[in-house]
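A.B. asks: Sequence and predicted structure below; questions after.
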Amino acid sequence: MLLLIDFLALRSREYHSVLRLYQDWEEHRNLSQLPNFAFSIALCNFHLSQEDDTKPEEMERHRRNADQLLQHALLMFPGSLAELTSLYVGRTHLLWREAGVLLWLEECVKEVLLRVDAKDPLVEDGQNK
């Protein structure tokens, strides 16, 4: 169920619900160790940063969180969990193919590559998990 609930909530555009679930369960279930939640939490924050009825400071906070979380997910799951990540991407590709999401993904991938080149400690941390 933990490999599906975030997807269903994202499809329903229940971004706050996914974030609340993550906050409530992270301590006991280590959701951050699941690729689907690592990417979904980033995607939720991105979508919340794009909503018109959000205050500018909240939009900025969600965007910063989205960037940081996506970069962290890309570093934490670079390939050792390729099959699980492929399953996630295969199931959720509709959520990630929107033009704005693809541009954001591209920006974050570029930032991750810069961090890899700079030997950011988080890169090594991701490789050791």
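C.D. replies: Here it is on my side, so go on. Numbers count the residues shown, from 1 in each chain.

A.B. asks: Only C-alpha atoms from now on, for both contacts and neighbour counts.
C.D. replies: Noted.

A.B. asks: pull the helix or strand with minimum mean pLDDT from this protein.
C.D. replies: Least confident helix or strand, the chain: helix 82-96 with a mean of 71, by mean pLDDT, DSSP states H and E.

A.B. asks: Other residues contacting stretch 29-46?
C.D. replies: If you take Cα atoms under 8 Å, 6 or more residues apart in numbering as the criterion, stretch 29-46 is touched by 3, 6-7, 10, 15-16, 18-19, 22, 25-26, 62-63, 65-70, 72-73, 77, 84-85, 88, 101.

A.B. asks: host element of residue 101?
C.D. replies: Assigning secondary structure by DSSP states H and E places residue 101 in helix 99-117.

A.B. asks: Could I get the buried residue list for the helix or strand hosting residue 75?
C.D. replies: Element membership of residue 75 [criterion: DSSP H and E] is helix 56-76. By neighbour count on 16 or more other Cα atoms under 10 Å, the buried set for helix 56-76 is 59-60, 62-63, 65-67, 69-76.
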